[in-house]
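*Asks:* make a model of this:
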Amino acid sequence: MASKRCGWANSANPLYLDYHDNEWGVPCHDERRLFEMLNLEGAQAGLSWETVLNKRESYRLAFDSWDAKKIAKYDAAKVAELLANPGIIRNKLKVAAAITNAQAYLRLCEELGGLDAYLWAWVKGKPIKNKGERIIKTELSDAISKDLAKRGFKFVGSTIIYAYMQGIGMVQDHAADCDWRKK
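*Replies:* Numbering: from 1, shown residues only. Below you'll find the model as predicted:
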């Protein structure tokens, strides 16, 4: 019997289905993945998530496996290299945001210990379980978005942050009839 997935996971793309089945809504506490996902969600702005997933491995190669210490030091030559890389989304603002985000992330690590401690404190360490309705932002995503922007992060609007919260499992939004909601 075929599995019932959320309506948005309607692609035949194995990367997309694997993301739904094994990542989306699963609590993440890995610093590097939290940093990666924050930047990938920002890169998605105006595009489909499937487009970003198809480029994720290229992003990992281009951005030094999301090593924030390396990214924070990128210079004009590295930016030019990134903007010429067809494996990533070649948008000047989004590439610049990844560098700015690396710098802001390093400051956040010094101040609060990292994204894991920072993000999960907002939900007292426990994922929010919604009823499976379609939500694109909340008062919580508004508050996190404003705080991250104040800390110097870019491409962290409330809708992006809500999608990020779903992707890293801070929010469990699988549809009511999705088999993964029961897991």
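*Asks:* the residue positioned nearest the centre of the chain in helix, strand or coil?
*Replies:* The chain has residue 37 as the residue nearest its centroid, 2.7 Å off, counting by CA atoms, centre = their mean. Secondary structure state of residue 37, per DSSP: H, G, I helix; E, B strand; the rest coil, is helix.
*Asks:* what's the spacing between residue 30 and residue 119?
*Replies:* Distance of residue 30 to residue 119, computed by CB to CB, to the nearest Å: 12 Å. Yep, even glycine has a C-beta here, placed from its N, CA and C like the rest.
*Asks:* go on, residue 66?
*Replies:* Taking CB to CB, one finds residue 66 at 16 Å from residue 119.
*Asks:* now residue 149, nearest residue through space, not along the chain?
*Replies:* residue 156 (5.7 Å; CB to CB, 6 or more residues apart in numbering).
*Asks:* residues touching the one you found, list them.
*Replies:* By CB atoms under 8 Å, 6 or more residues apart in numbering, the contact set of residue 156 is 38, 42, 144-145, 148-149.
*Asks:* and it, backbone torsions?
*Replies:* phi -130, psi 40 (degrees, to the nearest 10).
*Asks:* again with residue 172
*Replies:* Residue 172 adopts backbone torsions of phi -110, psi 100, taken as degrees, to the nearest 10.
*Asks:* ok, it touching residue 128?
*Replies:* Yes - if you go by CB atoms under 8 Å, residue 172 and residue 128 touch, sitting 6.9 Å apart.
*Asks:* these two: which is more packed in?
*Replies:* residue 172 (19 against 15; other CB atoms under 10 Å).
*Asks:* quick revisit: between the contacts of residue 156, which is nearest residue 123?
*Replies:* residue 144 (9.9 Å; CB to CB).
*Asks:* more neighbours, residue 30 and residue 119?
*Replies:* Taking neighbours as other CB under 10 Å, residue 30 and residue 119 compare with residue 119 leading, 21 against 12.
*Asks:* mind checking how far that one is from residue 165?
*Replies:* From residue 119 over to residue 165 (counting by CB to CB), the distance is 8 Å.
*Asks:* anything in contact with each of these two?
*Replies:* Both residue 119 and residue 165 are contacted by residue 144, under the criterion CB under 8 Å, 6+ apart.
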